[in-house]
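Q: below is the structure, and that's it, no one-letter string:
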DNA sequence: CTCGGATGGGTTTTT
DNA sequence: CCCATCCGAG
């Protein structure tokens, strides 16, 4: 097929660029995936061997999609398309010897490393409340992303806390080493460091990958940046695609500067801007652009579209989270009778806690919905344990896996017995499974315990003897020998989805067995070593997308703003647009600027194709306490053009300027019975405006109102004090902070009336 | 081993 | 408020 005819000039430029660095700044909805797939196809059809091309994505889903879309255009055999992690895992299996890594390593996911960190913290004798394994694991993860080893970090850690983290990090590293395991960050760090320190390894990689493409470059962390940069260093054929305005993983170590400085890192690079948006209406685009212009850390970019006009972006103020949810549920029920088209509706929120009210309301209104959660198939207990068996079989040194399965299903090996075995293992410098083999020599074990452990060892030996060329028979045997189904049924007590999940894993294994072995190109060089079992486990550890969004299911999709990235829906509701939630209070405290939060809002808005509704509440209950909420600053930053505002709440008299802290349910009682106008749209003329209450005297200014100041521009009123000539208003301006004015002098224009 | 209450901690989470 | 985890009783 013709690879170019249906492309815009800018897209074509990116597709046909062959030699030299290329940066594609792809605005939201600008057809980026199309450009990448065409570009790879173009390279291949112009004589580049697929074997020499490396394409990196951030998710398995993206990698799969890219592969199939390229396959529709050219022969993809030999092409490497993978996530950074999968790519590094294969590289290390292949060339681990060059780098000093046993290629039979297990891969620990975040839950595994958290457990390992916990063990280490306890082992050192630190208190796990103060030294929270979660937090420390995060800290270690960040260190690894910055390519810090325990040694380099210990050298610069001077304070008490830093020194302890260094101790934990060191012990954690040793634990993983003893278990022959790598965590997610290790996969990247080892490859990155090896590329820096090992000439032979660097040579192998540079020789092979003459062309590399990195998608979502704005989300790369330090380690990934090094990997890409070092490999591309010789041939300089690196193509980075991404959008600084959609960088939302800074808190996880992504470094926005990677994309902002790309031109400096690769002088002479070509830059292509894709600014035409194929997704949204001009109204949505105008509001989103207006918002993102408040950011400084970006590459100026103007999105435009040829799409037809749509409805105005709606900003709706409601009384409570329940009203907010009800608004959506009732509107959706009204607009989609019979449920047809529901797949095109999504609800986004900043934190998972906000999903609950929406769920309740949708359920009450009988609207089918689905929560797109992080908890995936492989994180379920029954699956994790089953996989732990497989891991222990593949890698008997994996103590974490052995510990998990030693008494699951229960077989009479209690905590005390495990503790004794562990102590013995530590003293003898052997693994836990090896300690089990020598249970007879372990002090303090009674006859009964020794017998139970012996049964476990026998089980593992039997399983170990099963042919590992195929995974499914092994899994079946395992389920059989352990009585796994019966155990699951017992645990499930009522819901039997556990057994179903187990069956699902059997099918996954069967499917895996049926796949043709990866062709040579999938591996960095030749086919990776390791049997089917190890490859299966690798797939399992590096896959979290199993709960992929069923984009076709006729249901409303509920998800966090982070989960929304990369998706699109005709109708989008964004809820909880309130100060403290979006921007989130924690994010603000940590980063000291609100730009990533603004990008998050931008990402959410630009998911919408036609209809975008953003809501905020006056009162919201958080951790059992109902608090007064303020409209998000982002709602004023989206501007006034193409935006319509509604107030669907009582004009509740009695408020004064100060926030009313209220507790629990007392709020409703306090407010009194006055729900006459609830849930009825208020016409522009009546609408008192964002967050406005009925004025308590003649003063026209009210908290949450938007006003324009002659010199400072548009801001939100925070509080009104005094009366008559002495009336003062406190106003917050974006970027300028808060200021107080005497209304007698300041020329304030009220903006939000009928905006 | 399993159940229940007490206790503590609660942003987001591509791999 | 909602949960995951811990610990003691049966």
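A: Done, it's in. This structure is a prediction, so every number in the text was calculated from the model and none was measured. Residues are numbered from 1 along each chain as shown, chains lettered A, B, ... in the order given.

Q: alpha carbons only for contacts and neighbour counts from here, please
A: OK.

Q: centroid residue for chain A?
A: Nearest to the geometric centre of chain A sits residue A:562, at 5.4 Å (C-alpha atoms, centre = their mean).

Q: other residues contacting whichever strand or helix holds that one?
A: Under the criterion of DSSP states H and E, residue A:562 resides in helix A:561-564. Applying C-alpha atoms under 8 Å, 6 or more residues apart in numbering, the set of residues contacting helix A:561-564 from outside is A:248, A:348-350, A:372, A:600-601, A:603-604, A:607.

Q: from those, which is closest to DNA strand C?
A: residue A:372 (14.9 Å; C-alpha to the nearest atom of the strand).

Q: tell me the pLDDT of that closest one.
A: Residue A:372 carries a pLDDT value of 84.

Q: from residue A:355, how far out is it?
A: Distance from residue A:372 to residue A:355, counting by C-alpha to C-alpha, to the nearest Å: 10 Å.

Q: what touches both of the two?
A: A:558-559.

Q: what's near enough to touch residue A:609?
A: Residue A:609 makes contact with A:279-281, A:284, A:568-571, according to C-alpha under 8 Å, 6+ apart.

Q: switch to 6 Å and redo it
A: If a contact means C-alpha atoms under 6 Å, 6 or more residues apart in numbering, then residue A:609 has A:279-280, A:569-570 as its contacts.

Q: repeat that for residue A:397.
A: Counting by C-alpha under 6 Å, 6+ apart, residue A:397 makes contact with A:179, A:431.

Q: I'd like the average pLDDT over the strand or helix carrying residue A:610.
A: Assigned by DSSP H and E, residue A:610 falls within strand A:608-617. Averaged over strand A:608-617, pLDDT sits at 97.

Q: please state the offset of that strand from the chain centre?
A: Remark: strand A:608-617 is offset 22 Å from the chain centroid, using C-alpha atoms, centre = their mean, to the nearest Å.

Q: next SSE downstream of it?
A: Downstream of strand A:608-617, the first helix or strand assigned by DSSP H and E is strand A:619-622.

Q: and that following strand, what does it pack against?
A: When contacts are defined as 3 or more C-alpha pairs under 6 Å, 6 or more residues apart in numbering; DSSP states H and E, strand A:619-622 packs onto strand A:625-628.

Q: who does the strand it packs on pair up with?
A: Applying DSSP bridges, strand A:625-628 is found paired with strand A:619-622 (antiparallel), strand A:662-663 (antiparallel).

Q: rank the ones you listed by pLDDT, which is bottom?
A: strand A:662-663 (a mean of 29).

Q: still on that earlier bit, between the contacts of helix A:561-564, which has the most around it?
A: residue A:604 (29 neighbours; other C-alpha atoms under 10 Å).

Q: quick one, what contacts that residue?
A: By C-alpha under 6 Å, 6+ apart, the neighbours of residue A:604 are residue A:561.

Q: secondary structure element for it, which one?
A: Using DSSP H and E, residue A:604 falls within helix A:595-605.

Q: and the average pLDDT for that helix is what?
A: Average pLDDT, helix A:595-605: 96.

Q: swap in stretch A:21-40?
A: Mean pLDDT, computed over stretch A:21-40, is 94.

Q: need phi/psi at the residue lying closest to residue A:366 once chain neighbours are set aside.
A: Closest residue to residue A:366 apart from its sequence neighbours, by C-alpha to C-alpha, 6 or more residues apart in numbering: residue A:333 at 7.9 Å. For residue A:333, the backbone dihedrals (degrees, to the nearest 10) come out as phi -60, psi -40.

Q: that concludes my questions; thank you for your assistance.
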